[in-house]
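>>> Using only what follows, build the 3D model:
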Amino acid sequence: MGLNLYQIFKDKWIHPNGTIWVISDTHFSDLDCYKMRHPVTFQPGTEYMHDSLVKLLDEEQIKKINAKCGKNDTLIILGDIGNIECVKKLKAKYKVLVMGNHDKGASNYKKLIKRTVISTTTCEDGNQFYTIEEKSNNLFDEIYEGPLMINDRIILSHEPIDVPEYMFNIHGHIHDEHSKGDEHHLNCCAEAINYTPINLNKLLTKGLLKRIKDIHRVTIDDAINREEGSDVDTILEGKYFNVIKYKDGYLIVAHKKDMNGEDIHVIIASMDSKSFPRITLENFYFYFEEFKNDIISAGEEFEEFKNCSEFILNAMFDAKYGV
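Model prediction:
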């Protein structure tokens, strides 16, 4: 699976020749945190060196991040950043902050651009042209004060979140180099990833979400398995959708493949024992040409489905062609 973000994030986070990096809990200039991470370095008797050691560790962490995240890339920090002066030294093209419990006041981390007129030119016709200089504080382009869903399965957060089986949580907060996560979590706290940001694109390409079912598949499985021994049967198997008998009604389930070749299962309609269909997929009409023959066949072969098939066909046709 590639990087399939919601469009609003694609537009802002993906740049030519760039990628997306994630890290959390940098805690720049945080003496207490550095003592916890490097107890040998900060052993008793080194107090007179603390300021110098903190600056050295700040520079080492900045260097590690910049070695991976370049001028065409997006850097996401999942909270607890520490000294914002260090953030200004990170060379990412675009910076995103999901705030943590140690980050106070979103406005303190916002990227600001100051524009100054440095010269004025007056033409013969009286028009004036200005030369403007722009200076940025090089902080965060986007700031989120809570968890952020970036596609249909991934949620970013500072603290780990208990997520349903159709979600994957990328988080920080757990200061343990041995705590990497589980099948639904990835810990990006600096200690857990050797203070080096992870490449989100590569993780997804390597199958980070391969065991995470999409919400439609989970909904279908839940409907089928909700009651042990319930009367469940696949009445009709078409090329593009199945009709599944469930309790005293039916589910019309589309099965397609997405752009990455993965199976998609979507409940496009349901009907109760009175054969009254309910459309559940907002843009179901996109499937009109693919489903048309299956729907016609279902109505001919399965009498109880006839009213539903006619309803779906008419609704799809009207929506697709603007009738």
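>>> Low-confidence regions, the stretch 151-300 of the chain specifically.
220, 223-241, 245-252, 254-292, 294-295, 298-299 (pLDDT under 70).
>>> Let's see that with 80 instead.
213-300 (pLDDT under 80).
>>> The stretch 1-150 of the chain too?
1-3, 113-119, 124, 126, 129-136.
>>> Show the residue spans covered by the strands in it.
Counting by DSSP state E, counting those that start in this stretch, the stretch 1-150 of the chain has strands at residues 20-23, 74-77, 94-98, 113-122, 128-136, 142-144, 148-149.
>>> Kindly compare burial across those and name the winner.
Counting by mean count of other C-beta atoms under 10 Å, strand 74-77 has the highest mean neighbour count of the strands of the stretch 1-150 of the chain, with a mean of 27. The C-beta positions use only the backbone N, C-alpha and C, and glycine is treated the same way.
>>> What strands line up against it, and which way round?
Paired neighbours of strand 74-77 in the sheet (DSSP bridges): strand 20-23 (parallel), strand 94-98 (parallel).
>>> which stretches of the chain form helices?
Assigned by DSSP state H, the chain shows helices spanning 7-13, 31-37, 50-68, 84-87, 200-205, 215-225, 288-301, 306-321.
>>> Could you tell me how far residue 178 is located from residue 191?
Residue 178 sits 9 Å away from residue 191 when distances are taken as C-beta to C-beta, to the nearest Å.
>>> Also residue 79?
14 Å.
>>> So between the two, which is more surrounded?
Taking neighbours as other C-beta atoms under 10 Å, residue 79 and residue 191 compare with residue 79 leading, 23 against 20.
>>> so what's the closest residue to the more buried one other than its chain neighbours up against?
Nearest residue to residue 79 in three dimensions, chain neighbours excluded: residue 100, at 2.2 Å (C-beta to C-beta, 6 or more residues apart in numbering). Neighbour list for residue 100: 24-25, 78-81, 158-159, 172-173 [criterion: C-beta atoms under 8 Å, 6 or more residues apart in numbering].
>>> let's go with 7 Å and repeat that
Shown in contact with residue 100 (C-beta atoms under 7 Å, 6 or more residues apart in numbering): 78-80, 158, 172-173.
>>> ok, the nearest residue to residue 62 once chain neighbours are set aside - how many residues close by?
Once flanking residues are discounted, residue 62 sits nearest to residue 89: 5.1 Å by C-beta to C-beta, 6+ apart. By other C-beta under 10 Å, the residues close to residue 89 number 14.
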